[in-house]
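Chemist: Build the 3D model from these lines:
(one chain, ligands or ions: 1)
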Amino acid sequence: MQSNYGTPSVGLARGKGIEVWDVEGKKYLDFLGGIATNILGHNNPAIVSAIAKQSKTLSHVSNFYAHEPALLLAQKLKEMTGDDSARIFFCNSGAEANEAALKISRRTGKKRVVAASGAFHGRTMGALSLTGQPSKRDPFKPLLPGVRHVPYGDIKALRRAVTKRTAMVILEPIMGEAGVVVPPAGYLKAAREICSAKGALLVIDAVQTGMGRTGQWFGYEDEGIIPDVITVAKGLGGGLPLGAMIALGKTADLLTPGSHGTTFGGNPIAAAAALATIDEIEKGRYMSLNLVKGALLRNLLSPIIGVTKVRGKGLLIGIVLKDSKAKDVAAALLKRGFLVNAANDEVIRIAPAYVVSDRQIMSFVSAFNDICEEIYGG
Ligand SMILES: Cc1ncc(COP(=O)(O)O)c(C=O)c1O
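Modeler: Prediction:
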């Protein structure tokens, strides 16, 4: 394999729930969940069974033909938006969902885009152009022209940047890769008003916040808005590669036959896994449970020495640490058998599967506390 990921610290062999075992048999608690992707944990019986059943029936068809899993999933996603006008384009990843959003925005006849500094929207050239992180962008310039980045959460800056020539504004409901940055209440509502006033599409990138992680299907709902486009991936396939670009209202008609496509998007097995995932989330009432578990984690982590702030919502949490020690804390957690991610030097990000138990939460907090006592204490 190429060295774009660096050398992985652990080789994983198997998993069950949020427990995973490495190739030497050491057990870890996976508090990262494949970066917000294995949302119902590893080896979930309902997902395993849906995949097995579908793989014995129909594993792939070209997009010349229809198949039931994709149709049922599109119907389900439409219901989840609560908007009958929603139309779905299936792809394989978050970057591809955002590429599709970019293409749909070009169909408005306009080309300019406004995105947020620090935002992450993917690594392909179009999605990278939307991404607001210089370290990821700069080595690959020139990127797509006409993309402007504004400070996240700053309504005035957004208002100044969006003009009648803006095709789309793309925002994460919470910036995940940037270290779980939560905007002020009312930000997405203001973004909706600004976009509507200027005729720009509002694209909500729910790739990381979506699928119930923050207590809502997509993460914008408590702002009472209807976006023009929603992008999802990561948890959608319950661990299988699947993304979707959901367009609403008039935007839903902008992609005409032949204007976009992909071989694997909405693959029957991935779609069947997604249907099982959504069904399990509903049956387990995980959306409201995630809010409770998230509050428990935040309350327990906040008083720990060295922790300056705990950000996030539901089970997307950023633990902000003093003195740029996030990588040290992440390495110490790994040694003690916990998988997390240092989103940057200051922030540990956790995004465990929704099946995480209170007991597992307590053991994580206890290890976190011990490590911080060692690093920051006396
Ligand atoms: C908000 C957001 N958008 C897009 C992406 C890109 O998704 P993918 O890695 O599936 O291309 C990510 C991945 O972390 C993300 O967090």
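Chemist: got the buried residues for the longest helix seen in the chain?
Modeler: Scanning the chain for the longest helix, with DSSP state H as the assignment, gives helix 358-376. Neighbour-count burial for helix 358-376 flags Gln360, Ile361, Phe364, Val365, Ala367, Phe368, Asn369, Ile371, Cys372, Ile375, Tyr376 (criterion: 16 or more other CB atoms under 10 Å). To be clear about C-beta, it is placed using only N, CA and C from the backbone, and glycine gets the same treatment.
Chemist: Now do the contacts for the residue in the stretch 1-150 of the chain positioned nearest to the ligand.
Modeler: Nearest residue of the stretch 1-150 of the chain to the ligand (CB to the nearest ligand atom) works out as Gly94 at 2.3 Å. Gly94 makes contact with His121, Gly122, Ala127, Asp205, Val207, Gln208, Thr231, Val232, Ala233, Lys234, Gly243, according to CB atoms under 8 Å, 6 or more residues apart in numbering.
Chemist: Narrow those residues to those in helices?
Modeler: Using DSSP H, these in helices are Ala127.
Chemist: out of the contacts of Gly94, which are inside strands?
Modeler: Judged by DSSP state E, the contacts of Gly94 include Asp205, Thr231, Val232, Gly243 as members of strands.
Chemist: just to revisit the earlier point, any idea which of the contacts of Gly94 is closest to Ile88?
Modeler: Compare each of the contacts of Gly94 with Ile88 using CB to CB and the shortest gap goes to Val232, at 9.6 Å.
Chemist: give me phi/psi at Val162?
Modeler: When read as degrees, to the nearest 10, the backbone of Val162 gives phi -90, psi 120.
Chemist: residues in contact with it?
Modeler: Val114, Val169, Ile194, Cys195, Lys198, Ala200.
Chemist: Report the beta-bridge partners for the first one.
Modeler: By that I understand Val114. Arg148, Val169 (DSSP bridges).
Chemist: Give me the distance between it and Asp279.
Modeler: Val114 sits 37 Å away from Asp279, going by CB to CB, to the nearest Å.
Chemist: cool, the fifth one as well?
Modeler: Between Lys198 and Asp279 the distance, using CB to CB, works out to 40 Å.
Chemist: ditto for the second one
Modeler: When distances are taken as CB to CB, Val169 and Asp279 turn out to be 33 Å apart.
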